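how does the following fold in three dimensions:
(chains A and B)
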Protein chains: 2
Amino acid sequence: MSSLPMLPGNPGHQARLAIRTGRYTGPTANLAPGHVQANLAILPRALAEDFLRFCQRNPKPCPLLAVSEPGDPALPTLGVDVDIRTDIPRYRVWRDGELVEEPGQIGAHWRDDLVAFLIGCSFSFEEAMLQNGLPVRHIEQGCNVPMYRTSLMTQPAGRFHGPMVVSMRPMRAADAIRAIEVTSRFPSVHGSPVHLGDPAEIGIADLARPDYGDPVEIRAGEIPVFWACGVTPQSVVAAAKPAFCITHAPGHMLVTDLINARLAV
Amino acid sequence: MSSLPMLPGNPGHQARLAIRTGRYTGPTANLAPGHVQANLAILPRALAEDFLRFCQRNPKPCPLLAVSEPGDPALPTLGVDVDIRTDIPRYRVWRDGELVEEPGQIGAHWRDDLVAFLIGCSFSFEEAMLQNGLPVRHIEQGCNVPMYRTSLMTQPAGRFHGPMVVSMRPMRAADAIRAIEVTSRFPSVHGSPVHLGDPAEIGIADLARPDYGDPVEIRAGEIPVFWACGVTPQSVVAAAKPAFCITHAPGHMLVTDLINARLAV
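You can find the predicted model right below:
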């Protein structure tokens, strides 16, 4: 961890310790502001190779921040003393594609052949958007970002395939241009948008009825802007129905020691 | 000039020598591919200070590549042996806002108080767009880019003020996103767009009737994307009706020794 700035009172580490000891059990949206948070998918080694290729082929929906060694719960490039079995407030355990449990720790499920994939999350680029004075409507409205399954297909790898899921943020054209510039600098957290304007072009029938999250207001003169979404890997894993899989519960992410601003290229 | 790569047979220098000696008198669009070309405005020193502030306040329409010393026709940061009195194929001489002459050289008009402003040109970012496989419709159609006066106002400085002129290139949404990324890397040649989508939002009534240049086809599923245009400074200078001014004739630019790719940030 010598390459990370390990300040005394590292807020990322503090957040993980609070989660690990059960002192914090809620969603992570406002924990350790400025710190990178990550989506989680844990798969048995036999499937991990396909999934790694899937992520490599689909960097916009599946930007990989880190991949663990098989059986090793540490993620030294993401933070000091990370234990992926305890450091997320709520997990989801899946068997044959069915959600079977939402535990607060997964030590009882851990196996020597499990590989953890940590995938970038839009919290990082939304922070950059807010710092640039750009509107983030679902934050203004205090709800979840609206997300939609699209007709954009991911590049398949092994048994993993399926449609890309996108998140949508409405804004005026000049803001959309600036948002593209800003998010282009963050390829490790979905990067620039995949579409803007007419939702029908990417197979979205009704913006008022998202497939995940909540609808948001679109004001006169605003256009919808669509980013590849970290729900894509979860929906792809769910569709592949692996015998065993663990993910984070929505909104309950891994808080890392990495600084959002340092992700910028 | 030691900081520039002065290859034997520097194509920028060769183009300027052909122009200086009268061997080349046409538009410069296809001269010295890969080399930066520049718009020209020459003003008496008494006005130059206002115009310099105007450019500084309006970097998207007026990105300054170089400003000469008063009375000095050399531009050492733009190329070896540049003489701004002879190295452009066709000039326009203006008196009190009226075009009075289109000479091939301006030595007879040169004065000790003249300051030359060289302003970035969209040729540079269009080259980058083509290298990225993005459509540039007016190049496909073999005509001039369509340009429009807008309701976007420049920031005034001294006697210089007026509406921003934009150029328009139509493309599909995914290409527009990539074009914003690509042109953002070239702030010294207009940078990212100023608008996309509904032309009425920036005061353009009819895309089929540009104020300068030629109309281009907009295909189904394409959206218009608008960049600040180097015609803006010329239109602002013309509106200010200075007693004396020299510009290049449209399409007849200064070919420099700078390499387009090196402008990228």
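
gap between the helix or strand harbouring A:A66 and the chain center?
Assigned by DSSP states H and E, A:A66 belongs to strand A:64-67. Centre-to-centre, strand A:64-67 and its host chain are 11 Å apart (CA atoms, centre = their mean, to the nearest Å).

which bits of chain A sit near chain B?
If contact is defined as CB under 8 Å from any CB of the partner chain, the residues of chain A in contact with chain B are A:173-174, A:176-178, A:180-181, A:184, A:192-198, A:201, A:221, A:223. Bear in mind the C-beta positions are built from the backbone N, C-alpha and C, glycine included.

which among those residues count as buried?
A:173-174, A:176-178, A:180-181, A:184, A:192-197, A:201, A:223 (16 or more other CB atoms under 10 Å in any protein chain shown).

so which of those belong to strands?
Among these, the members falling in strands (DSSP state E) are A:195-196, A:223.

I'd like those as JSON lines, with pLDDT appended.
Converted to JSON lines, those look like this (pLDDT from 0 to 100):
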{"residue": "A:H195", "pLDDT": "98"}
{"residue": "A:L196", "pLDDT": "98"}
{"residue": "A:I223", "pLDDT": "97"}
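
before we move on, the earlier item: right, and the helix or strand after the strand holding A:A66?
Next in sequence after strand A:64-67, counting helices and strands by DSSP H and E, comes strand A:91-95.

quick one: the helix or strand following that next one to chain centroid distance?
Downstream of strand A:91-95, the first helix or strand assigned by DSSP H and E is strand A:98-101. Averaging C-alpha positions (CA atoms, centre = their mean) puts strand A:98-101 20 Å from its chain's average.

over to stretch A:162-177?
Worked out by CA atoms, centre = their mean, stretch A:162-177 lies 16 Å from the chain centre.

try stretch A:105-125
So, by CA atoms, centre = their mean, the centroid of stretch A:105-125 is 11 Å from its chain's centroid.

pull up the distance across it, start to finish.
End-to-end distance for stretch A:105-125, by CA to CA, to the nearest Å: 28 Å.

and A:Y24, what is it in contact with?
A:15, A:18, A:31, A:89 (CB atoms under 8 Å, 6 or more residues apart in numbering or on different chains).

now flag whichever of those is closest to chain B.
A:L31 (31.2 Å; CB to the nearest CB).

once you drop chain neighbours, what's closest to that closest one?
A:A15 (4.5 Å; CB to CB, 6 or more residues apart in numbering or on different chains).

residues contacting that neighbour?
Contacts for A:A15 (CB under 8 Å, 6+ apart) come out as A:24, A:28, A:31-32, A:35, A:255.

ok, A:E49 to chain B distance?
Between A:E49 and chain B the computed distance is 30 Å (CB to the nearest CB, to the nearest Å).

kindly apply the preceding question to A:G213 instead.
With CB to the nearest CB as the criterion, A:G213 and chain B are 22 Å apart.

same check on A:F125?
Taken as CB to the nearest CB, the span from A:F125 to chain B is 14 Å.

for that residue, give me the pLDDT.
The model reports A:F125 with a pLDDT of 91.

assign it to helix, strand or coil.
Using DSSP: H, G, I helix; E, B strand; the rest coil, the structure places A:F125 in helix.

show me where chain A has helices.
Here chain A has its helices, by DSSP state H, at A:11-20, A:45-57, A:123-131, A:137-141, A:173-184, A:231-240.

buried ones in the fourth one?
Okay, so that is helix A:137-141. Buried residues in helix A:137-141 (16+ other CB under 10 Å): A:137-138.

kindly report the same for stretch A:245-252.
Neighbour counts over stretch A:245-252 (16+ other CB under 10 Å) mark A:245-250, A:252 as buried.

from these, which has minimum pLDDT?
Within the buried residues of stretch A:245-252, the minimum per-residue pLDDT falls on A:P250 (85).

and that one, what does it touch?
A:Y212.

thinking again about what came up before, gap between the residue nearest to A:L31 and A:T21?
The gap separating A:A15 from A:T21 is 11 Å, by CB to CB, to the nearest Å.

then A:L196?
The value you get for A:L196 to A:T21, if CB to CB is used, is 44 Å.

among the buried residues of stretch A:245-252, which ones are in strands?
Per DSSP E, strands hold the following members of the buried residues of stretch A:245-252: A:245-248.

among those residues, which two are most distant?
Greatest spacing in these, by CB to CB: A:C245 and A:H248 (11.7 Å).

against B:T154, how distant is the closest residue to A:W110 other than its chain neighbours?
Spatial nearest neighbour of A:W110, chain neighbours left out: A:R85 (5.3 Å); criterion: CB to CB, 6+ apart. Distance, A:R85 to B:T154, using CB to CB: 59 Å.

now stretch A:155-168, how far from the centre of its chain.
Chain-centre distance of stretch A:155-168: 14 Å, with CA atoms, centre = their mean.

no wait, stretch A:177-184
19 Å.

same thing with stretch A:90-103?
Centre-to-centre, stretch A:90-103 and its host chain are 18 Å apart (CA atoms, centre = their mean).

which elements pack onto the helix or strand of chain A with the lowest mean pLDDT?
Lowest on mean pLDDT, DSSP states H and E among the helices and strands of chain A sits helix A:231-240, with a mean of 87. The contact analysis (3 or more CB pairs under 8 Å, 6 or more residues apart in numbering or on different chains; DSSP states H and E) places helix A:231-240 against strand A:35-44, helix A:45-57, strand A:163-172, strand A:245-248.

which stretch in the ones you listed has the least confidence?
Of all the helices and strands packed on helix A:231-240, mean pLDDT reaches its minimum on helix A:45-57 (a mean of 90).

if I look at the residue in chain A sticking out farthest from the centre, how far off is B:G191?
In terms of distance from the mean C-alpha position of chain A, A:A220 ranks first, at 30.0 Å (CA atoms, centre = their mean). Plainly put, A:A220 is 28 Å away from B:G191 if you go by CB to CB.

and the pLDDT for A:N10?
88.

residue contacts, it?
Counting by CB under 8 Å, 6+ apart, A:N10 makes contact with A:79-80, A:257.

what about it, distance to A:L43?
Relative to A:L43, and taking CB to CB, A:N10 is found at 29 Å.

likewise for A:V225?
A:V225 is 32 Å from A:L43, by CB to CB.
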